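Peer 1: Kindly generate the corresponding structure for this input.
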Amino acid sequence: MTTTNGNRASGPAGIPLDYEPGDKNAPLTAELPEVATGDVPAATRRLSRRRIILRRFLRNRTAVVGLVGYLLLAAFAVAGPYLSPWTYTQIDQTAFLKPPSDAHWLGTTQAGRDVFALTAEGLRKSMLIGLGVAVVQTLVAATIGSFAAYYGRWFDKVALWVIDLLLVVPSFFIIAIISVQTGQGRGSVIMLILLLAGLGWMLSARVVRSMTLGIKGLEYVTAAKYMSVSTPKIIFRHVIPNISSLLIIDATLAVASAVLAETSLSFFGFGVQAPETSLGTLIAEGQRMASTYPWIFLAPATVLTLMLIFINFVGDGLRDALDPSSRSGGRA
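Peer 2: This is a model prediction of the structure:
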């Protein structure tokens with residue numbers, strides 16, 4: 001609405017106009033005053049995708065509990081050996097199969113070793129193996145799956161043939177055989193990480209391949225191709241970042257799978273070997289005396305159960321936060 005004060009017109013919000021209404025030389029619009037950025041309400045500001053994912057994750061109480069619990073277990077694995085007056089290799093000649101006491105907070109084993117120190121060291125080894133396997137397995141699956149889908153033709157056929165072949169191979173027996181044949185290296189943490197990751201990436205690679213088939217025909221990938229961008233750059237800069245949601249969830253769940261696999265191998269004597277220890281070796285040692293000396297079995301079994309529960313909580317929370325169609329995380 002325009003008002004006139006004497007011979008001078010003023011536009012909306014009292015903005016003065018230098019021209020009379022109806023003047024042919026008058027501009028079509030008048031300049032409006034600039035609005036300060038700080039005056040924009042916070043609710044109307046655009047959130048980045050990272051902040052949206054973080055807010056959805058933090059709104060999920062179960063996921064937050066899982067993350068906090070896992071971090072506390074990690075802190076125990078790191079700080080536990082420094083808190084205990086005993087190391088996991090020390091033997092107390094005066095305390096064999098002793099229950100929890102002031103000297104040994106979680107009791108001792110039949111060899112006189114401190115259960116608290118053994119549990120902290122076993123948790124540290126199992127966490128290290130789980131995280132290492134998850135990282136290596138996810139990298140291998142993302143690389144092979146995306147390259148197979150992008151190149152297609154003979155490369156895709158060979159990759160699928162290798163994946164199908166490895167899927168029918170009994171990985172447990174292969175790991176057991178290789179562990180025995182490597183002699184002194186059979187208890188090596190690096191060897192276990194490579195074996196578990198090398199025989200656990202196939203299903204993830206198939207999923208990555210399927211998602212890449214749907215992405216490689218999109219406009220931004222086609223544009224990068226016509227701009228003569230090399231294939232590895234297209235895959236690592238445009239394809240893999242757009243399936244990062246799947247890769248993050250897969251890596252999180254792979255931690256739990258790797259810990260269970262390592263525990264099973266160590267339980268049957270094919271994983272971490274003495275004098276080193278892991279949760280699997282402790283459970284194998286304690287299960288024979290679980291009814292008479294339960295503290296040897298309960299400590300590592302409880303820690304293992306809590307760790308798997310917390311990892312699954314975090315994995316479910318990440319899945320809901322990264323999935324736009326999920327309502328579990330609430331609105332951003």
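
Peer 1: Which residues outside stretch 162-174 are in contact with it?
Peer 2: Residues from elsewhere that reach stretch 162-174 (C-beta atoms under 8 Å, 6 or more residues apart in numbering): Ile144, Leu195, Leu199, Gly200, Met202, Leu203, Ala205, Arg206, Ser264, Leu265. From N, CA and C alone the C-beta is placed, and that goes for glycine too.

Peer 1: right, I mislabeled it, should have said stretch 285-297
Peer 2: 97, 99-100, 106-107, 109-110, 115, 282-283, 298-301.

Peer 1: measure that stretch end to end?
Peer 2: In stretch 285-297, first residue to last residue: 8 Å (C-alpha to C-alpha, to the nearest Å).

Peer 1: looking only at pLDDT, what's the mean for it?
Peer 2: When pLDDT is averaged over stretch 285-297, the result is 88.

Peer 1: What of stretch 223-239?
Peer 2: 89.

Peer 1: Quick one, which of the contacts of stretch 285-297 are buried?
Peer 2: Leu106, Gly107, Thr109, Val115, Leu282, Ile283, Leu298, Ala299, Pro300, Ala301 (16 or more other C-beta atoms under 10 Å).

Peer 1: quick one: the helices in the stretch 201-332 of the chain?
Peer 2: Ranges of helices within the stretch 201-332 of the chain are 202-215, 219-226, 231-234, 244-267, 279-287, 294-322, based on DSSP state H, counting those that start in this stretch.

Peer 1: got TSV for the ones you listed, with distance to Gly130 too?
Peer 2: TSV is the format used below for those (distance: least, C-beta to C-beta, whole Å):
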stretch	distance to Gly130
helix 202-215	15
helix 219-226	34
helix 231-234	29
helix 244-267	4
helix 279-287	10
helix 294-322	8
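
Peer 1: most packed of those helices?
Peer 2: Comparing these by mean neighbour count (mean count of other C-beta atoms under 10 Å), helix 279-287 comes out on top with a mean of 24.

Peer 1: Tell me which of the helices of the stretch 201-332 of the chain approaches Pro85 most closely.
Peer 2: Closest of the helices of the stretch 201-332 of the chain to Pro85 is helix 294-322, at 16.7 Å (criterion: C-beta to C-beta).

Peer 1: now the angle from the closest one to helix 244-267?
Peer 2: 170 degrees (axes from the mean of the first three to the mean of the last three C-alpha atoms, to 10 degrees).

Peer 1: Give me the angle between helix 294-322 and helix 279-287.
Peer 2: Using the same axes, to 10 degrees: helix 294-322 against helix 279-287 is 140 degrees.

Peer 1: Can you give the distance of helix 294-322 from its chain's centre?
Peer 2: 14 Å (C-alpha atoms, centre = their mean, to the nearest Å).

Peer 1: Repeat that for stretch 251-267.
Peer 2: 14 Å.

Peer 1: average pLDDT for that stretch?
Peer 2: 88.

Peer 1: ok, and what's touching it?
Peer 2: Residues contacting stretch 251-267 (C-beta under 8 Å, 6+ apart): 126-127, 129-135, 137-138, 172, 175-176, 179, 192, 196-197, 200, 204, 271-272, 278-281, 283-284, 304, 307-308, 311-312, 314-315, 318.

Peer 1: residues near the residue lying closest to Val208 once chain neighbours are set aside, how many?
Peer 2: Distances taken as C-beta to C-beta, 6 or more residues apart in numbering put Gly145 closest to Val208, at 3.0 Å, once the chain neighbours are dropped. Gly145 has 28 neighbours, counted by other C-beta atoms under 10 Å.

Peer 1: isn't Gly145 right up against Ser204?
Peer 2: Yes: the pair Gly145 / Ser204 is scored as a contact, 7.2 Å apart, by C-beta atoms under 8 Å.

Peer 1: quick one: low-confidence ranges for this protein?
Peer 2: 1-45, 180-187, 324-332 (pLDDT under 70).

Peer 1: those strands in it, which residues are they?
Peer 2: 3-5, 8-10, 16-17 (DSSP state E).

Peer 1: on that earlier part again, got the buried ones among the contacts of stretch 285-297 as TSV, with distance to Pro241 columns?
Peer 2: Below are these laid out as TSV (distance: C-beta to C-beta, whole Å):
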residue	distance to Pro241
Leu106	45
Gly107	50
Thr109	48
Val115	45
Leu282	40
Ile283	40
Leu298	44
Ala299	42
Pro300	39
Ala301	40
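
Peer 1: Which residues does stretch 220-230 contact?
Peer 2: Contacts for stretch 220-230 (C-beta under 8 Å, 6+ apart): Ile215, Lys233, Ile234, Arg237, His238, Val239.
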